[in-house]
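Enquirer: below is the sequence, then the predicted model.
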Amino acid sequence: MAITQHLPIYKLASDLTSLAADLTKNMPRDFKRTLGEKVLIECIDMSILIFRANVAAGQERLTHIQQLLERNQVIELILRLCVDRRLISTGQYARAIELTDQLGRQATGWKKHAAAPAA
């Protein structure tokens with residue numbers, strides 16, 4: 001088991017959390033506490049799920065990874081709403097989606113590896 005902070009997926013989640021904090025900081029006050037805070041909380045929760053999946057085994061690990069993938073999709077949905085409402089720029093959205101896409105790929109690979117029978 002690797003140290004969680006050294007995992008590439010954890011680094012991506014950390015970068016996404018940092019970006020979410022920057023995006024939230026520049027949102028209008030009306031949306032900062034709703035959409036902005038929700039994205040930031042989901043990002044923090046993803047980092048926690050990465051830690052939990054890293055220390056878990058078997059079905060418990062798969063459950064944490066599945067929750068991680070779900071939160072990743074929630075973040076993408078909220079970010080899409082933010083760009084549609086012009087709360088963030090398309091460039092900021094593109095950077096965030098790039099991170100969520102990479103994170104989703106790594107989590108899916110991790111899930112497939114965790115579900116494979118031990119040899």
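Expert: Thanks, I have the structure now. Numbers count the residues shown, from 1 in each chain.
Enquirer: hmm, who's touching the helix or strand of the chain with the lowest mean pLDDT?
Expert: For the chain, counting by mean pLDDT, DSSP states H and E, helix 29-31 ranks last in confidence among helices and strands (a mean of 90). Judged by C-beta atoms under 8 Å, 6 or more residues apart in numbering, the contacts made with helix 29-31 from elsewhere in the structure are 82, 85, 87. (Glycine included, C-beta is placed from N, CA and C.)
Enquirer: show me the contacts for I88.
Expert: By C-beta under 8 Å, 6+ apart, the residues touching I88 are 23, 26-27, 79, 82, 96.
Enquirer: and what of A114?
Expert: For A114, the contacting residues are 53, 61-62, 65, taking C-beta under 8 Å, 6+ apart as the criterion.
Enquirer: ok, now how distant is Q92 from I41?
Expert: Computed with C-beta to C-beta, to the nearest Å, the distance linking Q92 and I41 is 18 Å.
Enquirer: which one's more surrounded, the two?
Expert: Regarding Q92 and I41, a neighbour count based on other C-beta atoms under 10 Å identifies Q92 as having more, with 17 against 14.
Enquirer: so which of the contacts of helix 29-31 are in helices?
Expert: Per DSSP state H, helices hold the following members of these: C82.
Enquirer: could you work out the end-to-end span of stretch 79-98 for me?
Expert: For stretch 79-98, the separation between the terminal residues is 12 Å (C-alpha to C-alpha, to the nearest Å).
Enquirer: pull out the buried residues from stretch 79-91.
Expert: Buried residues in stretch 79-91, counted by 16 or more other C-beta atoms under 10 Å: 79, 82-83, 87-88.
Enquirer: how far out from the middle of the chain is that stretch?
Expert: Relative to the chain's own centre, stretch 79-91 is displaced by 17 Å; criterion: C-alpha atoms, centre = their mean, to the nearest Å.
Enquirer: quick one: end-to-end length of that stretch, please.
Expert: Chord length of stretch 79-91, first to last residue, is 12 Å (C-alpha to C-alpha).
Enquirer: G58: neighbouring residues, count only.
Expert: Neighbours around G58, by other C-beta under 10 Å: 10.
Enquirer: rewinding a little: just the contacts of I88 now: which is nearest L103?
Expert: Each of these was scored against L103 by C-beta to C-beta, and A96 proved nearest at 10.4 Å.
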